[in-house]
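Asker: can you look at this prediction? I've put the sequence above it.
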Amino acid sequence: MDNQNKNLILATGLSFLVILIWFVLFPPEQQVTDPVPSTAEQTTLAPTAPPVDGSPATTTPDASIATIDAPRIAIESSSLTGTLSLQGGRIDQLALKTYRETLAADAPLVNLLNPPDASHPYYAVFGWAPGGALGFADVPGANTVWEQTGGTTLTPGTPIQLTWDNGNGLIFRRDVAVDEKFMFTVDQTVENTTTDAVRLAPYGTISRVGAPPNLASFFILHEGVVRMSDGNLQEIDYDDMPEQATDDRWGANADVIAVADNGWLGFTDKYWMTSLIPAPGSAFTSVAKYNAAANTYMTEARLAAIDVAPGSTGSTTMQVFAGAKEWSTIRSYQNEGGIAGFLDSIDWGWFFFLTKPIFFVLHWLNALIGNMGWSIIALTFFLKALLLPLAYKSYVSMARMKELQPEMEALKERSGDDRQKMQQGMMELYKKNKVNPASGCLPILLQIPIFFSLYKVIFVTIELRHTPWIGWIRDLSAPDPSSVLNLFGLMPWATPEPGSIFFILSLGVLPILLGISMWLQQKLNPAPTDPTQKMIFAWMPWVFMFMLGTFASGLVLYWITNNTITFLQQYAIMRSQGYKPDVFGNIKGGFKRTPKSANTDKTPAKKNPVKK
């Protein structure tokens, strides 16, 4: 077997291994069992922030939220719709106007936040932790009913103001504003009309009862707590939070970090996120905690305690991001809003050093072209252009090795069964002619991290979600919906749904084109003479066709484009070296039956000539 075929077998084997490992580590997405008890059974905890003096959080009187029919304030912007409850001043009803659950025009909006009496409570609430002589009754908590004193609807142009008087000389005010995207700004003040100084600490909490009902089981995807603490990113999966050490101060399994200058924390899903963001430069305590009794996950940002003198007012500011993880939006909040490391809230994965620039180029191309499918094709051309010098060197090396094929065959005959002599002779032959037999593998090896990175980009970035390309491809983040089983829509019967074990048989147009592109790429060279190798080569494109048929259309589109460019590159480079690949001859040869005597004939089979 010549070294060119060895390289091709190695490339095919490596690619097959990558796909096999991928299917083992990242099985098809499945719906998880809803871990949240019914509304009648569940107990929704109020924020359990300990007092400033450090006494246990369990001393708080509002250990659970007693939901009442409190007035609500409407929230309306170009991106959000929902309500804010005057009970606790909670932001607890929020839907995303520009995102729907499915591709259907009448599909419901993506719902992000839910109140405590909903089936899946998920909300943000703010308050003050008491210090010194103050008790929890002296500060507003999750059950405090605020009075609305300014603004009737929360919009980007009209913030609202809430007021609460504790009856003992402290007057609390809360101003809430929202921008056109997904950022709320919460300004809290306390006016001290008493004759004594008071000490208290502001906080914000995001509470979530139960893990998300559609939690993905993909190893490639992080869902749970994400937080930045002085430049250090930390991710905690939902199933890891119950294993955290019990912290009596916080009354739960808690992971507590003291942040000196800059940070943020919250919960991230595949496409959505809710995060607390203290003002840049603020010191705070970052807490990720889990209460097993109520199956409640919480993230909390406790700001430093402040002392308010008699007749003075203390104030603090915190922001809340609640919305879609749009790259441009989050980048704007980071670069223009001063939120350090906010782009890292997007799960870029292990190959972040490739994933980030790849997405940046893809995003730029999409802005230029206006179609994400064509942008993926353009990105593939860009990546292949970057790797062209290596590819050229690889193909030239393979062409030179073909020139050495007669000498290698003569060397094999002279060496007979002496394998050591043959290997030494081949090394001398390579050295003399300045040929590196391993050079053909490098472009293949470099393709693997690029493949993983592009898969990550297509899988986790919301810019690919429900994004069309042409015709029947209406979602590049989903598998090709067409199917050979109903003649690509010509027949009236349904086909297996994505996620079904039988979906692998439901080949669409793109997977079939992928198989054809791999098959044509093989035909640049004659088939191996060894029957086993020949069989592997014959089946491999069609095995890949079935295996990759369940992948996102955007990734399959990339692979088809990559194979096509590789075919053209290799053909052109081989011609530039004085060889003309006999593609049609190799195709015809693949359909010829091998004589039965070929397996027993010891005479080496005659190779298909490469035409000059």
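Answerer: That came in fine, so what should we check first? Computed from a prediction, not measured in an experiment: that's the story for all the values here.
Asker: state the pLDDT value of residue 301.
Answerer: Looking at residue 301, its pLDDT stands at 97.
Asker: tell me the strands beside the strand or helix carrying it, with direction?
Answerer: Assigned by DSSP states H and E, residue 301 belongs to strand 296-303. Strand 296-303 sits in its sheet next to strand 198-209 (antiparallel), strand 284-291 (antiparallel), going by DSSP bridges.
Asker: by contact count, what packs against the helix or strand just after the first one?
Answerer: Under the assignment DSSP H and E, the closest C-terminal helix or strand after strand 198-209 is strand 224-229. Secondary structure elements in contact with strand 224-229, counted by 3 or more CB pairs under 8 Å, 6 or more residues apart in numbering; DSSP states H and E, are strand 232-237, strand 252-259, strand 263-268, strand 284-291, strand 296-303. C-betas here are computed from N, CA, C, even on glycine.
Asker: can you put those in TSV and add mean neighbour count?
Answerer: Shown next, in TSV, are these (neighbours: other CB atoms under 10 Å):
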stretch	mean neighbour count
strand 232-237	15
strand 252-259	19
strand 263-268	25
strand 284-291	24
strand 296-303	24
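Asker: quick check: which of those is nearest to residue 373?
Answerer: Comparing the helices and strands packed on strand 224-229 by their distance to residue 373 (CB to CB), the top pick is strand 263-268, with 27.0 Å.
Asker: ok, which of the helices and strands packed on strand 224-229 comes nearest residue 176?
Answerer: Of all these, strand 296-303 comes closest under CB to CB, at 16.3 Å.
Asker: packing partners of the very next helix or strand once past the closest one?
Answerer: Once strand 296-303 ends, the next helix or strand along the chain (criterion: DSSP H and E) is strand 306-308. Judged by 3+ CB pairs under 8 Å, 6+ apart, strand 306-308 is in contact with strand 198-209, strand 313-324.
Asker: quick one: mean pLDDT over the last one.
Answerer: Same thing as strand 313-324. When pLDDT is averaged along strand 313-324, the result is 97.
Asker: same question for the first one.
Answerer: Per-residue pLDDT over strand 198-209 has a mean of 95.
Asker: how about that strand as PDB, C-alpha atoms only?
Answerer: C-alpha atoms of strand 198-209 as PDB (Å, rounded to 0.1, in the frame of the first residue of the first chain):
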ATOM      1  CA  VAL A 198     -28.000  52.400  61.100                       C
ATOM      2  CA  ARG A 199     -25.900  49.700  59.400                       C
ATOM      3  CA  LEU A 200     -27.300  47.500  56.600                       C
ATOM      4  CA  ALA A 201     -26.200  45.800  53.300                       C
ATOM      5  CA  PRO A 202     -28.000  45.700  50.000                       C
ATOM      6  CA  TYR A 203     -28.300  42.500  48.000                       C
ATOM      7  CA  GLY A 204     -29.800  41.000  44.900                       C
ATOM      8  CA  THR A 205     -30.900  37.400  44.500                       C
ATOM      9  CA  ILE A 206     -32.000  35.200  41.600                       C
ATOM     10  CA  SER A 207     -34.000  32.200  42.700                       C
ATOM     11  CA  ARG A 208     -35.000  29.200  40.600                       C
ATOM     12  CA  VAL A 209     -37.100  26.300  41.900                       C
END
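Asker: off-centre distance for that strand?
Answerer: With CA atoms, centre = their mean, to the nearest Å as the basis, strand 198-209 stands 30 Å off its chain's centre.
Asker: what's the answer for the last one, then?
Answerer: Distance of strand 313-324 from its chain centroid, counting by CA atoms, centre = their mean, is 26 Å.
Asker: need the next SSE after it, C-terminal direction.
Answerer: helix 327-335.
Asker: so where's the stretch 351-500 of the chain uncertain?
Answerer: Low-confidence segments of the stretch 351-500 of the chain (pLDDT under 70): 399, 402, 437-444, 486-496, 498-500.
Asker: and if you look at the stretch 1-150 of the chain?
Answerer: Under the criterion pLDDT under 70, the flagged ranges of the stretch 1-150 of the chain are 1-49, 53-67.
Asker: quick one: the helices in it, in order.
Answerer: 3-25 (DSSP state H, counting those that start in this stretch).
Asker: per the record, what domains does this structure have?
Answerer: Taking automatic domain parsing as the domain assignment, the ranges for the chain are 3-26+363-593, 57-341.
Asker: pick the most buried one from those domains.
Answerer: For the domains of the chain, average neighbour numbers computed from mean count of other CB atoms under 10 Å are highest in domain 57-341, which has a mean of 19.
Asker: show me where the stretch 401-550 of the chain has its helices.
Answerer: Secondary structure of the stretch 401-550 of the chain (DSSP H, counting those that start in this stretch): helices located at 405-415, 419-432, 442-460, 509-522, 531-548.
Asker: do you know which of the ones you listed lies nearest residue 85?
Answerer: Proximity to residue 85, assessed across these by CB to CB, is greatest for helix 442-460 (32.2 Å).
Asker: want to throw the helices and strands packed on strand 306-308 into CSV with distance to residue 170?
Answerer: Formatted as CSV, the helices and strands packed on strand 306-308 follow (distance: least, CB to CB, whole Å):
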stretch, distance to residue 170
strand 198-209, 7
strand 313-324, 10
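Asker: okay, angle between whichever strand or helix holds residue 588 and helix 509-522 too, please.
Answerer: In the assignment (DSSP H and E), residue 588 maps to helix 583-590. Here the directions of helix 583-590 and helix 509-522 differ by 100 degrees (axes from the mean of the first three to the mean of the last three CA atoms, to 10 degrees).
Asker: number the residues from 871 up from this point.
Answerer: Let's use 871 as the start, then, which means that last one is helix 1453-1460.
Asker: any idea of the mean pLDDT in helix 1453-1460?
Answerer: Across helix 1453-1460, the average pLDDT comes to 70.
Asker: off-centre distance for that helix?
Answerer: Using CA atoms, centre = their mean, the offset of helix 1453-1460 from its chain centre is 42 Å.
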